[in-house]
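A.B. asks: just need the structure, nothing else, for what follows:
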Amino acid sequence: MLRLGISGVAGKMGRALVQAIFVTKDLGLGAAFESASSPVIGMDAGEFAGVGKLDVKVGELKNGNLSQTDIIIDFSIPEATLALAEICKSQDKGMVIGTTGFEKDQLGYLEECSATFPIFMSQI
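C.D. replies: So this is what the prediction gives:
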């Protein structure tokens, strides 16, 4: 089973991803993250997404323990994506980035990161 982590789980895409993981065979939710100020911190990610209890509590990104995940999917904000890239780099995890709105230097940093761990990102 592929275990996914979701960063930005409280947003529309984050909730949709939790729902999609729930109904997809061979996928599991390993972690869910939000900013420290989010009211969903500590909630069960499945209950928040409307699929029932999954025993995965929404945690703060800065405390990002990725040990229960294989890949992280990020739909957050550029600053959170960059912080997550540091965590992924230190824990040798891959990223799928759906976040938009990066500055040129931020994209350059993510390109540098992609030399040390896998990153999938689509840019228009």
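
A.B. asks: D92 reaches I72, doesn't it?
C.D. replies: No - D92 is beyond contact range of I72, at 11.6 Å (criterion: CB atoms under 8 Å). Bear in mind the C-beta positions are built from the backbone N, C-alpha and C, glycine included.

A.B. asks: who has more neighbours out of the two?
C.D. replies: When D92 and I72 are compared for neighbours, I72 comes out ahead with 25 against 10, by other CB atoms under 10 Å.

A.B. asks: what residues sit buried inside stretch 66-78?
C.D. replies: L66, T69, I71, I72, I73, D74, F75, S76, I77, P78 (16 or more other CB atoms under 10 Å).

A.B. asks: got the end-to-end distance for it?
C.D. replies: 19 Å (CA to CA, to the nearest Å).

A.B. asks: any idea of the mean pLDDT for that stretch?
C.D. replies: Averaged across stretch 66-78, the pLDDT comes to 92.

A.B. asks: list of residues touching it?
C.D. replies: 2-8, 11, 13-14, 17, 30-31, 35, 61, 80-81, 84, 87-88, 91, 93-99, 101-103, 106 (CB atoms under 8 Å, 6 or more residues apart in numbering).

A.B. asks: weed out the non-buried ones from these.
C.D. replies: 3-8, 11, 13-14, 17, 30-31, 35, 61, 80-81, 84, 87-88, 93, 95-99, 102, 106.

A.B. asks: next step: these restricted to strands.
C.D. replies: R3, L4, G5, I6, S7, G30, A31, M95, V96, I97 (DSSP state E).

A.B. asks: gap between the fifth one and K25?
C.D. replies: Pointing back at S7 there. Distance of S7 to K25, computed by CB to CB, to the nearest Å: 24 Å.

A.B. asks: returning to that earlier point: quick check: the farthest pair among the buried residues of stretch 66-78?
C.D. replies: Distance extremes for the buried residues of stretch 66-78: the farthest pair is T69 and P78 at 21.2 Å, using CB to CB.

A.B. asks: close enough to count as contact, Y109 and L82?
C.D. replies: Yes - between Y109 and L82 there is a contact at 6.4 Å, judged by CB under 8 Å.
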